[in-house]
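>>> Sharing a sequence plus its predicted fold:
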Amino acid sequence: MTRVVRIHEYGDARVLRIDDVDVPAPAANEVQIKVKAIGINRAEVMFRNHAYLQEAHFPSRLGYEASGVIELVGAAVEGFAIGDVVSVIPSQDITNGGTYGELVNVQSRLVVKHPATLSFEEAAAVWMPYVTAWGALVEQAKLSQGEAVIISAASSSVGIAAFQIAKLVGATVIATTRTGAKRQALFNAGADYVVATDEEDLVARVLEITDGIGARVVFDPVGGPSFEPLTASMARGGILLEYGVLSADPTPFPLLTVLSKSLTLKGYLYTEVVSDDAILERAKTFITDGLVSGALKPLIARTFAFADIQNAHRFLESNEQIGKVVVTL
């Protein structure tokens, strides 16, 4: 028997329960990992609240990211051995295995021997944010040196990862946040410019920063009313990648702006990377190389004990964090 976090119904953080369950041996293409740290993601909060793309089948495990040590290796797995220190790339299914637990079975294609310089906490904070940001900025938008990118909801772990990836390819990072409270922290995290959208005119500020050109790339998880000023801040021929629905308000479609600037607006999910073996290998190589060089380094906002999983979710929902929330075992 091993301890895992499950939900037996949808609701607030109180529905997260630690249960004792049997964990089966890994399938032929899986490894079994003794978990040392778990990365907490906004997607898991949305899943718990019944606001995610997938439905739960109660009682449901949940969780995308983890790091730990391999305990067992499936019969068809190559390249991994018992005792290897590894971290987990999120699967396409939030409930498949579920990383909120002491033991988890994971497909070997989604397991990485991360650089030894990373702690378990840092390793658990890598793959969701960096795969998400890399797939959007590098694989799809082809962000390159000298270009400007607007990164909204910038204090999230994905936002911080996007800063680092954009800087690695030589782009200029324009971070947006609602107020100036997190301004210095965002500068410290690597932003070149920070725009507090409740206090400043986003369009005017971006045009000032870019000498009237606008940003070719926008990376946004919010939607809602901010969609119009974001598109108005873009360069002709630019691309906006929308990867979330954090705003509860309707998202207007700025038809005239899209037409006049020949903009591309694309819905984007990290699963576009994870579902394709060739793209996934490119992501692993780019991210691992960046971690080894130090150009990419996860920022941990706060850690919680496994028994305190409810408060870890509450802290993430408070939006107070800069970077990643991690649970340790």
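It's in. Numbering: from 1, shown residues only.

>>> Am I right that A181 is in a helix?
Yes. Counting by DSSP: H, G, I helix; E, B strand; the rest coil, A181 is part of a helix.

>>> how about low-confidence regions in the stretch 201-329 of the chain?
The model of the stretch 201-329 of the chain has no residue with pLDDT under 70.

>>> In contact with D93: list those residues for me.
Listed by Cβ atoms under 8 Å, 6 or more residues apart in numbering, the contact set of D93 reads Q54. (Glycine included, C-beta is placed from N, CA and C.)

>>> Give me the pLDDT for it.
You'll see D93 listed with a pLDDT of 89.

>>> Could you grab the helix/strand/coil label for it?
Assigned with three-state DSSP, D93 falls in the coil class.

>>> got it, and V195?
Under three-state DSSP, V195 falls in the strand class.

>>> quick one: pLDDT of it?
On the pLDDT scale, V195 is placed at 97.

>>> Give me the number of neighbouring residues for it.
By other Cβ atoms under 10 Å, the residues close to V195 number 26.

>>> That one pairs with what?
Counting by DSSP bridges, V195 is bridged to T176.

>>> who touches it in this structure?
Counting by Cβ under 8 Å, 6+ apart, V195 touches I174, A175, T176, T177, L202, R205, V206.

>>> so which of the residues you listed comes closest to A116?
Proximity of those to A116 (Cβ to Cβ) peaks at A175, which lies at 31.0 Å.

>>> So that closest one sits against A196, correct?
No. With contact defined as Cβ atoms under 8 Å, A175 does not count as touching A196 (9.8 Å).

>>> So those two - more neighbours on which side?
Just comparing A175 and A196: by other Cβ under 10 Å the higher neighbour count belongs to A175, 27 against 18.

>>> Then V86 would be within a strand, right?
Yes. Assessed with three-state DSSP, V86 lies in a strand.

>>> tell me the secondary structure for Q32?
Q32 ends up strand, using three-state DSSP.

>>> Would you check how far apart the nearest residue to it once chain neighbours are set aside and S108 are?
In space, and not counting its chain neighbours, Q32 is closest to L72: 4.0 Å by Cβ to Cβ, 6 or more residues apart in numbering. Here the criterion is Cβ to Cβ, to the nearest Å. By it, L72 lies 12 Å from S108.

>>> Share the number of residues neighbouring the nearest residue to F58 once chain neighbours are set aside, please.
Once flanking residues are discounted, F58 sits nearest to H8: 5.3 Å by Cβ to Cβ, 6+ apart. Using other Cβ under 10 Å, H8 has 13 neighbouring residues.
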